[in-house]
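Visitor: can't give you the sequence, but here's the structure:
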C-alpha cells in the first residue's frame, strides 16, 4: 500500500510513532511531498539520525521529494542509485530521496516527481545555512523532466510535487486569500502539465489540507492519504498534534 502526506519539516514524530507504521511491511511506501527536513545538521543532527535509523530498522520504504526547506548541501552528499525505474539518493537501505524529473513505478503505478519551490521567507534565512538557491530546479533538471514525460507520451498515473502549477495556485489563492509571490517552479509545472494525463496530483508546500472539486488534486500538510491499488484515495488520519 502507498501512503502520502505533506511537509514534516524535520519533525517526524506525528508520522513515525503512529500505530499504522507498526503494521507496514516490505511492500508498503510512505511518501512525503517535500520539506522533509530530516537532513539538516547542526544541533538537531543527532535527533534526525535517531529517527532515520529508527525507520531504517523497519520493513517499509520511506520516500520523499525535496521542498524548498532542505539542506541541499547535505543532501547532495548521499549516493545516487537506481530504484523503482529511476534515480534516487539513498539515505538508508529503505529511505530514498526521489529526484526531480524522475518517473518511478511503485506497486504497479507510475509516479512523476518534481520537487522544489520558491521560499517566500528567504529574506529571514541565511544563505547556505538555512536557505539554498538549489530550491529552484535548474534548466537541466527541467529539461530532464520534459524528456522523461515525453518518453512516456505525457501519461503517468500520479504526480508528486512540492508546489503546484501556477493555474492551480491562483485558483486556490483566491479561495484561501493568500498573497501572491513569484515562483518559477509553478511556471515550470505549468509547462510540464501541458497535454499531461494523470489520475491524481499530490503536493504540499502551503500548509493546508484540501482537495479540488474533481478530486484530482490533493494539497497535503497534516493529512495522511492511503492510495489503494485500485486507485481509491482515502484519508487515513491527520498528523496534527
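Guide: Thanks, I have it. Keep in mind that this is a model prediction, so the values were computed, not measured. Numbering: from 1, shown residues only.
Visitor: ok, the closest residue in space to residue 221 that isn't next to it in sequence to residue 165 distance?
Guide: Leaving aside its sequence neighbours, residue 221 sits nearest to residue 6 (CB to CB, 6 or more residues apart in numbering; 4.1 Å). Where you see a C-beta, it was placed from the backbone N, CA and C, and this is true even at glycine. For residue 6, the distance to residue 165 equals 17 Å [CB to CB, to the nearest Å].
Visitor: do the same with residue 23
Guide: Taken as CB to CB, the span from residue 23 to residue 165 is 35 Å.
Visitor: who has more neighbours, these two?
Guide: Neighbour count, other CB atoms under 10 Å: between residue 23 and residue 165, residue 165 has more, with 24 against 9.
Visitor: ok now do the closest residue to that one other than its chain neighbours, which residues does it touch?
Guide: What sits nearest to residue 165 in space, not counting adjacent residues and going by CB to CB, 6+ apart, is residue 189, at 4.2 Å. By CB atoms under 8 Å, 6 or more residues apart in numbering, the residues touching residue 189 are 114, 161, 163, 164, 165, 166.
Visitor: please flag which of those residues sit within helices.
Guide: Using DSSP state H, the subset of the contacts of residue 189 located in helices is residue 166.
Visitor: ok, the contacts of residue 189 vs residue 129, which is closest?
Guide: residue 163 (22.7 Å; CB to CB).
Visitor: next, count neighbours for that closest one.
Guide: Residues near residue 163, counting by other CB under 10 Å: 26.
Visitor: and residue 157, how far from residue 112?
Guide: 9 Å.
Visitor: pLDDT weak spots in the protein?
Guide: For the chain, the stretches with pLDDT under 70 are 172-180.
Visitor: and the strands in it?
Guide: 2-5, 29-33, 61-65, 80-83, 86-92, 95-98, 103-106, 109-114, 158-161, 200-203, 210-211, 217-219, 223-227, 233-238 (DSSP state E).
Visitor: who's in contact with the second one?
Guide: Going back to what we said before, that points to strand 29-33. Here strand 29-33 has contacts from 1-8, 15, 21, 24, 60-65, 67, 98, 106-107, 160-162, 202-205, 220, using CB under 8 Å, 6+ apart.
Visitor: pairing partners for the most centrally placed residue in the chain in the sheet, please.
Guide: The centroid of the chain falls nearest to residue 33 when counting by CA atoms, centre = their mean (2.2 Å). Beta-bridge pairing for residue 33 (DSSP bridges): residue 65.
Visitor: make 5 the first number, not 1, from now on.
Guide: In the new count, where the first residue is 5, that last one comes out as residue 37.
Visitor: farthest from the middle of this protein: give me that residue.
Guide: residue 47 (24.7 Å).
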